[in-house]
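Asks: Sharing a model prediction with you, sequence too.
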Amino acid sequence: MTCSECGAPITRESSFDLGGGKNLCSSCFINRAQERRPLSKDDLARLRKSVQRESAGPVPRTILEDILHDGLRRAYAGKEDTPAIVQSMADEIERLATLAVGRQVIDVISALQKSLLEEEEEIRRQVKRVADLE
Ligand SMILES: [Zn+2]
């Protein structure tokens, strides 16, 4: 991966994704920001999209939108109390967020467990090597 402006090697963590396949290293990003020219409509739209993507929560936005659409549809149908609909939407979002965060925690624990097992294996190997030397 290289900077779209100066061609310097960059990583996803050290670069700024402007969208549309444009990635800038931090110095090009700062230079760009210091030009003080007004951002074009395209620049703004790309920046907004990029910020939205980076700040996404654990529950995908499309799922949240589905829940809200469903709630609105039920509210317009007028067969249920609005507070009950709001309550059930909040319950569903809470349940999904809990599941999503739980899944992230399990991923972290699994990665940790894997690296501990590898370390344990390495220690066993070294202990065996020391025993073989004696
Ligand atoms: Zn650059």
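Replies: Good, I have the coordinates.

Asks: Strands of the chain, residue ranges please.
Replies: 15-19, 22-25 (DSSP state E).

Asks: which one of these has the lowest average pLDDT?
Replies: Among those, strand 15-19 has the lowest mean pLDDT, at a mean of 83.

Asks: Would you map out the domains in this protein?
Replies: The record's domain split for the chain, according to automatic domain parsing, is 15-54, 61-133.

Asks: mean pLDDT lowest for which of those domains?
Replies: domain 15-54 (a mean of 80).

Asks: how about it: buried residues?
Replies: For domain 15-54, the neighbour count (16 or more other C-beta atoms under 10 Å) marks 15-16, 18-19, 23-25, 28-29, 46, 50 as buried. Heads up, the C-betas are built off the backbone N, CA and C, glycines and all.

Asks: Tell me if it is near the ion.
Replies: Yes: counting by C-beta under 5 Å from the ion, the ion is contacted by domain 15-54 at 25, 28.

Asks: Measure how far that domain is from the centre of its chain, please.
Replies: 18 Å (C-alpha atoms, centre = their mean, to the nearest Å).

Asks: ok, now stretch 8-26?
Replies: 16 Å.

Asks: Now do the helices in the protein.
Replies: Here the chain has its helices, by DSSP state H, at 26-34, 41-54, 61-77, 82-133.

Asks: Format those as JSON lines; extra columns: distance to residue 11.
Replies: Putting the helices of the chain into JSON lines (distance: least, C-beta to C-beta, whole Å) gives the following:
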{"stretch": "helix 26-34", "distance to residue 11": "11"}
{"stretch": "helix 41-54", "distance to residue 11": "15"}
{"stretch": "helix 61-77", "distance to residue 11": "26"}
{"stretch": "helix 82-133", "distance to residue 11": "19"}
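
Asks: re the thing from before, for the buried residues of domain 15-54, work out which two are farthest apart.
Replies: 25 and 46 (17.1 Å; C-beta to C-beta).

Asks: pLDDT score for the residue sitting furthest away from the middle of the chain?
Replies: Distance from the centre of the chain peaks at residue 134, with 51.5 Å (C-alpha atoms, centre = their mean). For residue 134, the model assigns a pLDDT of 75.
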